[in-house]
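> I'll drop the sequence and a predicted model, then ask my questions.
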There are 2 protein chains.
Amino acid sequence: MGFPINSYTKSKEEYNRALKVIPSGIYGHLGPAEGCFVPVSAFPFFSERARGAYFWDVDGNRFIDYMCAYGPNVLGYNDEEVDEAAAKQRVLGDCITSPSTKMIDFAELLVDTVTSADWAFFAKNGGDVTTLAVLTARAFTRRKKIVFFKRYYHGVAPWTQKVDYPGILEEDVINNIYVPWNDYEKLAQIFEENKGEIAAIISQPYQHGNFVDNELPAEGFWQKVRKLCTDKGAILIVDDVRAGFRLDLAGSDHFFGFEADLICFCKALANGYNVSALCGKDFLRNTVSGLTYTGSYWLSAVPFAAGIACIQKMKRLDLPKLLDEKGTKLKEGFLAAAKKHGYDLRFTGMPALFYLRIADDNSLMLHQRWIAEMVKRGIFLTNHHNHFINAALSNDDIATTIEVADEAFSVL
Amino acid sequence: MGFPINSYTKSKEEYNRALKVIPSGIYGHLGPAEGCFVPVSAFPFFSERARGAYFWDVDGNRFIDYMCAYGPNVLGYNDEEVDEAAAKQRVLGDCITSPSTKMIDFAELLVDTVTSADWAFFAKNGGDVTTLAVLTARAFTRRKKIVFFKRYYHGVAPWTQKVDYPGILEEDVINNIYVPWNDYEKLAQIFEENKGEIAAIISQPYQHGNFVDNELPAEGFWQKVRKLCTDKGAILIVDDVRAGFRLDLAGSDHFFGFEADLICFCKALANGYNVSALCGKDFLRNTVSGLTYTGSYWLSAVPFAAGIACIQKMKRLDLPKLLDEKGTKLKEGFLAAAKKHGYDLRFTGMPALFYLRIADDNSLMLHQRWIAEMVKRGIFLTNHHNHFINAALSNDDIATTIEVADEAFSVL
């Protein structure tokens, strides 16, 4: 059952080599310092290769991967159609003095696909386009303040961080206002208290933060938020970097029955090829044109070709339905296994982006022990971050995962 | 002589198509709105393919390219060695849940190559690493203020922009201090006036700004700046995004005889594959480790493989010497052609990154007319930005360029 892990000897050796030349060895969300890799000894550090729903670590262990590179892997690693389109473009050229018309084709496809998109602007990081969205809102409204929903994540630019984080100044975040998710009354009150000063609300389509059960929008919440923004002249920015295309190819705003003014995409946009996009409404087009915003690799053609192939395949697969089915099957199996062993497992958020927590103890320890037992049996989950389903995940993979979950509960 | 341009019909058609779905059609530094494409009618907008020192536009016109995608093309477009290394890694995987050890290999190579590098941290944009450098300096010193040299460019993050740019707040730039390039007395005075408050100086290795003759450091300037930073406990950040590796593989700080505390690389780092790097001194390693800084694609393996192959080839070619020779040959030819026709052409900055200006009139018109005549003959230059030499540029290409320059002067 599963793929019992022999050892992480080589991972540890390589990590020691990394520590000499890279701060933290592996920094950021992929690294053991992040807080989701507890106990650290249960996790591999470096991969050798990946294919479909699997990756292999440097010790030769195979994992069924539920992190999907934290989102970019949506069709399966090394998807043949996407890789072929990218390779074909690479022969012609990638990062060239004048851009390829693939940029136009990609923008047209996004405008056709995403309901709230009248145009598209491409960059590299999710954070490039959340920052662009905020600049656009400030330039258009000539207001300063930005409303965030607590548990947000919009990248790592200084304006998105917290005042007590190292290197961050009070000035970076002084115009930020934080409101609890789903609390419309508080939000309306904030608008009253800051009349004519709020440039934008920025929000993920639902609360899918770390270290907390994920929470969908309350009935009618988004419709009220949309109306509030329209009434008060504030820009509604949806950060669809994480959920984008996994819930709805027309945008997660469309999924929840409203329309954003600006919507940010990255991760699933090109199956791992490096591109992000800000899409938005016509009335903001000229404002975006007037900003100073550019980057060395932003008009590179290979990721555009990959993105086109990725969106076309997601459409053909009816990807959101497919991922929801796979995620729902996994949910049912996980919950049954937990129930069988008497554990209160919470499976929250949308099935395609599920978040897990064992709620039997208030500490995180029991949950972390269960996750460790999963990982040591070749099922790659992390402790306190939402997971991701990809299209290459098979019914057999799901069945194996559920069997391993059963075994992992039994050894807790 | 040259490659007389037949028409830009298709470029214009495609640009009209782009305008419908992309703000400005082509935004940022590659676009006609940027101010370097004047008269717009002289320039192609979209490329079909690129190879070596050339790109072909969508109308089939070939250009000898002196912009090099604004820097990334350093070995020649589609360099076989770099592309082969990248393709080999792509078969294994690129953007995976756990990173490839290629990240470590790349960091080791940078630490071996760059004098001021004890470690490397990888991201995607030049601006990702200039921002990281500023965060690091602020976190380490617990000070706020950053000194810039006028005519700087450090990317497009809000802290690098100007208070009168759309979307930018006073708070974004309130801790910035601007000093004229090469003015050590003013700099020392600023440190006196802001005692114990300056976190860092950030600077390109020499002044290579737009719309102005480029200016090398005065004799001893960098050594005095280095000493001032050390004495006052400020971090010295070199932004080597544009000049990096073209002057000196050990870093442009090494080229000018000093050592930075932090040095930022991008562009020439991987011949167009999408990666940037912050390198720095040991004493800042723990500070970097403590920051919140990460991105979806930052640990992707393909650009690391490309970067390794690129640096190895740059070493084998002794690239800085090669580019200096090519740039110097071009300089001599350009100046002779200008003199023959009685024009005062200024060729400033380092030959590998040369900046051009016809100084006979105070308006920009004469210069722009000459550049237009060059472009219309298949030599791709832009008006008010520095240019870039790549290793694939042949002696024949240079000879052709000089012949075209002669002809372009003759028709002014």
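Noted; the coordinates are in hand.

> find the nearest non-adjacent residue to the residue in the stretch 1-150 of chain A that chain B sits nearest to, please.
Going by Cβ to the nearest Cβ, chain B is nearest to residue A:28 of the stretch 1-150 of chain A, at 2.5 Å. (Glycine included, C-beta is placed from N, CA and C.) Among residues not flanking residue A:28 along the chain, residue B:294 sits closest, at 2.5 Å (Cβ to Cβ, 6 or more residues apart in numbering or on different chains).

> likewise residue A:288?
Per Cβ to Cβ, 6+ apart, closest to residue A:288 is residue B:23, 4.1 Å.

> show me where chain A has helices.
A:9-21, A:80-92, A:102-113, A:126-141, A:170-173, A:184-193, A:221-232, A:252-255, A:285-289, A:301-317, A:319-340, A:365-375, A:395-410 (DSSP state H).

> so which of these is nearest residue A:206?
Minimum separation from residue A:206 across these (Cβ to Cβ) falls at helix A:252-255, 7.9 Å.

> ok, and what's touching that closest one?
A:114-116, A:205-206, A:222, A:238, A:240, A:243-244, A:247-248, A:259-260, A:263, A:320 (Cβ atoms under 8 Å, 6 or more residues apart in numbering or on different chains).

> which of those residues lies closest to residue B:384?
residue A:263 (35.0 Å).

> quick one, what contacts the closest one?
Residues in contact with residue A:263 (Cβ under 8 Å, 6+ apart) are A:114, A:116-117, A:237-238, A:240, A:244, A:251, A:253, A:278-280.

> out of these, which is most surrounded?
residue A:240 (32 neighbours; other Cβ atoms under 10 Å in any protein chain shown).

> pretty sure that residue sits against residue A:264.
Yes. Between residue A:240 and residue A:264 there is a contact at 5.9 Å, judged by Cβ atoms under 8 Å.

> nearest residue to the spatially most central residue of chain A other than its sequence neighbours?
Geometric centre of chain A, nearest residue: residue A:242, 2.1 Å, by Cα atoms, centre = their mean. Excluding its sequence neighbours, the residue lying closest to residue A:242 (Cβ to Cβ, 6+ apart) is residue A:71, at 5.7 Å.

> confidence score at that neighbour?
Residue A:71 carries a pLDDT score of 98 in this model.

> just residue A:141 next, same as before
Taken from the predicted model, the pLDDT recorded for residue A:141 is 98.

> what's the local residue count around the residue nearest to it when sequence neighbours are not counted?
Nearest residue to residue A:141, sequence neighbours excluded (Cβ to Cβ, 6+ apart): residue A:199, at 4.5 Å. Neighbourhood size, residue A:199 [other Cβ under 10 Å]: 26.

> same check on residue A:356?
Neighbourhood size, residue A:356 [other Cβ under 10 Å]: 27.

> same question for residue A:259.
16.

> I figured it was touching residue A:227, is that so?
No. Counting by Cβ under 8 Å, residue A:259 sits too far from residue A:227 to count as a contact (11.5 Å).

> looking at the contacts of residue A:263, spot the one nearest residue B:124.
Closest to residue B:124, out of all of these and judged by Cβ to Cβ, is residue A:278, at 15.9 Å.

> identify the residue nearest that closest one in space, chain neighbours excluded?
Nearest non-adjacent residue to residue A:278 (Cβ to Cβ, 6+ apart): residue A:129, at 4.0 Å.

> so who does the one you found touch?
Here residue A:129 is in contact with A:121, A:123, A:241, A:264-266, A:276-278 (Cβ under 8 Å, 6+ apart).

> 7 Å instead?
Contact analysis of residue A:129 by Cβ atoms under 7 Å, 6 or more residues apart in numbering or on different chains lists A:123, A:264, A:266, A:276-278.

> what do you get for residue A:299?
Counting by Cβ under 7 Å, 6+ apart, residue A:299 makes contact with A:99, A:103, B:30.

> could you find the closest non-adjacent residue to residue A:340?
residue A:406 (6.8 Å).

> now that neighbour: how far from residue B:352?
Distance from residue A:406 to residue B:352, counting by Cβ to Cβ, to the nearest Å: 63 Å.

> those two: which is more packed in?
Using other Cβ under 10 Å as the criterion, residue A:406 and residue B:352 rank with residue B:352 on top: 26 against 17.

> tell me the confidence at that one?
Reading off the confidence values, residue B:352 has pLDDT 98.

> nearest spatial neighbour of it, skipping sequence neighbours?
Nearest residue to residue B:352, sequence neighbours excluded (Cβ to Cβ, 6+ apart): residue B:323, at 3.8 Å.

> quick one, what contacts the one you found?
Applying Cβ under 7 Å, 6+ apart, we find residue B:323 in contact with B:246, B:352, B:389, B:391.

> what is the neighbour count of residue A:340?
If you count neighbours by other Cβ under 10 Å, residue A:340 ends up with 12.

> and what of the one 3 residues further on?
Other residues lying near residue A:343 total 17 when counted by other Cβ under 10 Å.

> do the same with residue A:344
By other Cβ under 10 Å, 12 other residues sit near residue A:344.
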